[in-house]
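Visitor: Build me a model:
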Amino acid sequence: MLHQHTSSTVNASTAHLDCDGQALTQIDPRALQGSQLRKISLYDNRLTVFPQQIFNHTNLRVLNISCNQLTQLPPQIGALRQLEMLDFGHNQATQVPVEIGQLTRLRYLYLSDNLFSDLPTTLGQLSELRYLNVTDNRLTAVPAAVWQLGNLQELRLYNNAISSLPAAIGRLTRLRELHLMKNRLSELPAAIAGLTALDVLDVANNAIERLPDSFGQLSQLRELNLRFNALTHLPEEFCQLAALQSLDLRANRLSTLPTGLAAMKNLRRLDLRWNNFTQYPAVLDSLIEQGCLVHV
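Guide: Next up, the predicted model:
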């Protein structure tokens, strides 16, 4: 049995406990005694049981217990109401407790690489949440609670089995980055145009066959990754993406391009490899003259 007291780092002046990367299977209770810790990091160990003493530290702001072998996020997590960052990624849990909704000061939540097929509706109570990562899980749909997170700025859901997006996606008006690669999407809803602050969109490795006409309303979009999908054409409205700088369309089924692409003056990188062009699209000459790096 490994104990952490011989190699842990406790900073008394700032109330931090750091026990990262020590292959620990158990935490010495002496390291977690008291109730004044503000940051606890137990990243990259071999814990199979969540240390209950953590819940005594009700002023905790940061908790990183990722990359362990935990099968449960205990309901007592709701006692840590000052928590601003929680990283529970890379564990083996199947459920998130409803008490997660009590963490109303939470700004960053990492739940990646677990066995989650859904998230509780109480997640929608996290009104301060800016960043949510639920990548590499077993989601077949975006949990309904996500659409209530009006202050969310970055959403990462890649490598799940999500097959569609509802119109409710348009509620995330402050979202700046949306990462949905490696899912099972066949289309994007017209309501995606409601993401007026969106800067980065990555939907690579899906099965998207068409883009909605409203897609061109994403006026702040700067980076767009659509590689490895099933697009056969781009709507003319697509060319309204005036802020776009990087566009990856590799491995689709495109055979033509809208002539309006020449009006995309900020485009600096366009990748069209592995499509179905039988003729060189003439519009590319205009883009190249404007300084766009084109691969075709």
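Visitor: Could you give the number of residues near the closest residue to E99 other than its chain neighbours?
Guide: If the residues on either side of it in the chain are set aside, E99 comes closest to G78, at 3.0 Å by Cβ to Cβ, 6 or more residues apart in numbering. The C-beta positions use only the backbone N, C-alpha and C, and glycine is treated the same way. For G78, the count of nearby residues is 17 (other Cβ atoms under 10 Å).
Visitor: the strands in this protein, which residues?
Guide: 9-11, 16-18, 39-41, 62-64, 85-87, 108-110, 131-133, 154-156, 177-179, 200-202, 223-225, 246-248, 269-271, 293-295 (DSSP state E).
Visitor: quick revisit: quickly note the distance from the residue nearest to E99 to L37.
Guide: Distance, G78 to L37, by Cβ to Cβ, to the nearest Å: 18 Å.
Visitor: so where's the stretch 1-150 of the chain shaky on pLDDT?
Guide: 1-14 (pLDDT under 70).
Visitor: any idea where the helices of it begin and end?
Guide: Ranges of helices in the stretch 1-150 of the chain, per DSSP state H, counting those that start in this stretch: none exist.
Visitor: Can you get me the start-to-end distance on stretch 220-232?
Guide: Length of stretch 220-232, first residue to last, Cα to Cα, to the nearest Å: 25 Å.
Visitor: So for that stretch, mean pLDDT?
Guide: The average pLDDT within stretch 220-232 is 98.
Visitor: sorry, back to before: make JSON lines out of the strands of the chain and add distance to Q72 and mean neighbour count.
Guide: JSON lines is the format used below for the strands of the chain (distance: least, Cβ to Cβ, whole Å; neighbours: other Cβ atoms under 10 Å):
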{"stretch": "strand 9-11", "distance to Q72": "26", "mean neighbour count": "13"}
{"stretch": "strand 16-18", "distance to Q72": "21", "mean neighbour count": "18"}
{"stretch": "strand 39-41", "distance to Q72": "17", "mean neighbour count": "20"}
{"stretch": "strand 62-64", "distance to Q72": "15", "mean neighbour count": "19"}
{"stretch": "strand 85-87", "distance to Q72": "14", "mean neighbour count": "20"}
{"stretch": "strand 108-110", "distance to Q72": "17", "mean neighbour count": "20"}
{"stretch": "strand 131-133", "distance to Q72": "19", "mean neighbour count": "20"}
{"stretch": "strand 154-156", "distance to Q72": "23", "mean neighbour count": "19"}
{"stretch": "strand 177-179", "distance to Q72": "27", "mean neighbour count": "19"}
{"stretch": "strand 200-202", "distance to Q72": "31", "mean neighbour count": "19"}
{"stretch": "strand 223-225", "distance to Q72": "35", "mean neighbour count": "20"}
{"stretch": "strand 246-248", "distance to Q72": "39", "mean neighbour count": "21"}
{"stretch": "strand 269-271", "distance to Q72": "44", "mean neighbour count": "18"}
{"stretch": "strand 293-295", "distance to Q72": "47", "mean neighbour count": "13"}
